[in-house]
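Trainee: With the input below, show me the fold.
(2 chains)
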Amino acid sequence: MAQQDVDRFERIILPHLDDAYTLARYLLRDEHDAQDAVQDAVLRALRYFDSYRDGDARAWLLAIVRNCSLTWQRGHSSDRFTVPFSDEVAAAVVETRPTDASAIEASDRDAVNRAVAALPAEFREVIVLREVEELSYKEISDVVGVPIGTVMSRLARARKRLAVTLGLGAQEAS
Amino acid sequence: MRCSDCREALSSYLDDELMSPEAQEVREHLATCAECDRQHRVLADTSLLLREKLVRHQAPDVLKARIRSALAQPHAFDSPRASRPIPVGRPPWLLFAAAGLVIAIGSSALTFAAMRQGASSHAVAADVLASHIRSLMPDHLTDIVSTNQHNVKPWFNGRIGLSPPVPNLDSAGFVLVGGRLDYIEGRSVAAVVYSRRQHVINVYAWPTTDHAMAATRATNERGYHLVQWRADGVEYWVVSDLNAGELDQFVREFIAASR
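Mentor: Below you'll find the predicted structure:
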């Protein structure tokens, strides 16, 4: 690969490193796995850079990060230490609210992040891609590799679930 | 529009991702249905809460350095094996996570070093190790992040009375991460940061009047290796959890490139 291609790659792709790392952190829930997956993803991105056409470089990189994260997780699932975390546990966290304002702030942040961490992977990824990475449905559909209709229904179900977990009163009669 | 159809569409409506005829139907339905309107507000609140509270992470300096290092190697991408990151040893990172604990353990381990080395050297070693561990906490590693020696070296000018050598050791596989000011035994010192794989190497430098020892002296404490030497009126300490052989190579390269 010529030096000007590497320069162009650094200019277009590297500004999105924080977003790439954020996605990997949410998908893998481990900072060191996330670092390895992102390094892997960036090197892959460089290798396939000639297949990148002008478009949203961030979504393109995030798609590679997602794939590398899944590969990384599959390869290391046996030695992973995972903490099962149910909606009931998350709800209990929300219910015990402190009174001091900064503690409430910290406790809210903690509760929200734990609730998202506890989501099944297919819900977690659409929530992060939408609410953190702020991708469009079309981009999410490209990154995850599912039709837009599936993005819509996963996102709707994930939000409903989080509303219940976080005590925002989304109980539905039907 | 029926309530069930509306509820199904609410999440996409919230994101403005519905086709305009359907969005119009939802809008009209919400104006007339209190329960669907309530559900809409619940979803909007949920989305807002997520946007406000979900953590946006920053790529750590070490990751940036690893990537820059890989990009700097011209043929790193050509072979299929190049994309495979070197497996990370768990123990060093667990030590990072339990850094507070490690400070305690490291200090007691260094007590033994004191018996071998003498008290003043021990105090410095303890400070250096504590500083190294502190530097591994999030956002403590560098005040200036740069892989370019010509940015890092002048940065120290005017901040402390010493401009330490900041050699480029890329070709030897040690990547410059940046520099920072730190405190050892109550004085400001220069800390130049390198990395190899996920291992951080801190090089501390400060002026000394003691020219007695020119040879390097290495100690090994609880997985951390410390190397000390003096040259040209400067005292150097290098510390890392890198293995002894590689750290020894680093010191040799650093000294040779600093001449």
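Trainee: how's the chain carved up into domains?
Mentor: Since no chain was named, I'll use chain A. As assigned by automatic domain parsing, chain A contains the domains A:3-79, A:87-165.
Trainee: wrong chain, I was asking about chain B
Mentor: The record's domain parsing of chain B by automatic domain parsing lists B:3-53, B:61-258.
Trainee: So which of the ones you listed is nearest A:Leu46?
Mentor: domain B:61-258 (5.2 Å; Cβ to Cβ). The C-beta positions use only the backbone N, C-alpha and C, and glycine is treated the same way.
Trainee: quick one: terminal-to-terminal distance for that closest one?
Mentor: 24 Å (Cα to Cα, to the nearest Å).
Trainee: for stretch A:110-129, same thing?
Mentor: Start-to-end span of stretch A:110-129 (Cα to Cα) is 19 Å.
Trainee: now it, how far from the centre of its chain.
Mentor: Offset of stretch A:110-129 from its chain centre (Cα atoms, centre = their mean, to the nearest Å): 8 Å.
Trainee: That stretch and chain B, are they touching?
Mentor: Yes. Shown here: stretch A:110-129 in contact with chain B (Cβ under 8 Å from any Cβ of the partner chain) through A:Val112, A:Asn113, A:Val116, A:Ile127, A:Val128.
Trainee: what's the weakest-modelled helix or strand in chain A?
Mentor: Sorting the helices and strands of chain A by mean pLDDT, DSSP states H and E puts helix A:87-95 at the bottom, at a mean of 48.
Trainee: tell me which residues of the helix or strand just after that one are tucked away?
Mentor: Note on helix A:87-95: by DSSP states H and E, the next helix or strand toward the C-terminus is helix A:101-117. Using 16 or more other Cβ atoms under 10 Å in any protein chain shown as the test for burial, helix A:101-117 gives A:Ser107, A:Asp108, A:Ala111, A:Val112, A:Ala115, A:Val116.
Trainee: and helix A:101-117, what other elements does it pack with?
Mentor: helix A:87-95, helix A:121-127, helix A:148-165, helix B:34-53 (3 or more Cβ pairs under 8 Å, 6 or more residues apart in numbering or on different chains; DSSP states H and E).
Trainee: what's the angle from it to helix B:34-53?
Mentor: An angle of 100 degrees separates the directions of helix A:101-117 and helix B:34-53 when computed by axes from the mean of the first three to the mean of the last three Cα atoms, to 10 degrees.
Trainee: any idea where the strands of chain B begin and end?
Mentor: Remark: strands assigned in chain B by DSSP state E are B:144-145, B:175-184, B:187-196, B:199-207, B:217-221, B:224-231, B:234-240.
Trainee: can you redo these as a markdown table with mean neighbour count?
Mentor: Converted to a markdown table, the strands of chain B look like this (neighbours: other Cβ atoms under 10 Å in any protein chain shown):
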| stretch | mean neighbour count |
| --- | --- |
| strand B:144-145 | 16 |
| strand B:175-184 | 22 |
| strand B:187-196 | 23 |
| strand B:199-207 | 22 |
| strand B:217-221 | 16 |
| strand B:224-231 | 20 |
| strand B:234-240 | 23 |
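Trainee: In CSV, list those strands along with distance to chain A and mean pLDDT.
Mentor: Below are those laid out as CSV (distance: least, Cβ to the nearest Cβ, whole Å; pLDDT from 0 to 100):
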stretch, distance to chain A, mean pLDDT
strand B:144-145, 12, 76
strand B:175-184, 13, 87
strand B:187-196, 12, 90
strand B:199-207, 12, 91
strand B:217-221, 23, 79
strand B:224-231, 19, 88
strand B:234-240, 17, 92
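Trainee: what about B:His150, how many residues close to it?
Mentor: As a burial measure, B:His150 scores 10 neighbours (other Cβ atoms under 10 Å in any protein chain shown).
Trainee: one step back: which stretch among the helices and strands packed on helix A:101-117 comes nearest B:His225?
Mentor: Closest to B:His225 of the helices and strands packed on helix A:101-117 is helix A:121-127 (Cβ to Cβ; 39.7 Å).
Trainee: Keeping just the C-alphas, turn the closest one into CSV.
Mentor: What follows is helix A:121-127, C-alpha atoms only, in CSV (Å, rounded to 0.1, in the frame of the first residue of the first chain):
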residue,chain,number,x,y,z
ALA,A,121,-26.5,-8.6,22.3
GLU,A,122,-29.0,-8.1,19.4
PHE,A,123,-30.8,-5.4,21.3
ARG,A,124,-27.7,-3.9,22.9
GLU,A,125,-26.1,-3.3,19.5
VAL,A,126,-29.0,-1.4,18.0
ILE,A,127,-29.4,0.7,21.1
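Trainee: After it, which helix or strand is next?
Mentor: helix A:137-144.
Trainee: so that following helix versus helix A:148-165, what angle?
Mentor: Going by the same axes, to 10 degrees, helix A:137-144 makes 90 degrees with helix A:148-165.
Trainee: Does anything pack onto helix A:137-144? Which helices or strands?
Mentor: Packed next to helix A:137-144, using 3+ Cβ pairs under 8 Å, 6+ apart, are helix A:57-76, helix A:121-127, helix A:148-165.
Trainee: So which bits of the shortest one are buried?
Mentor: When you say that, I think you mean helix A:121-127. Going by neighbour count (16+ other Cβ under 10 Å), the buried part of helix A:121-127 is A:Phe123, A:Arg124, A:Glu125, A:Val126, A:Ile127.
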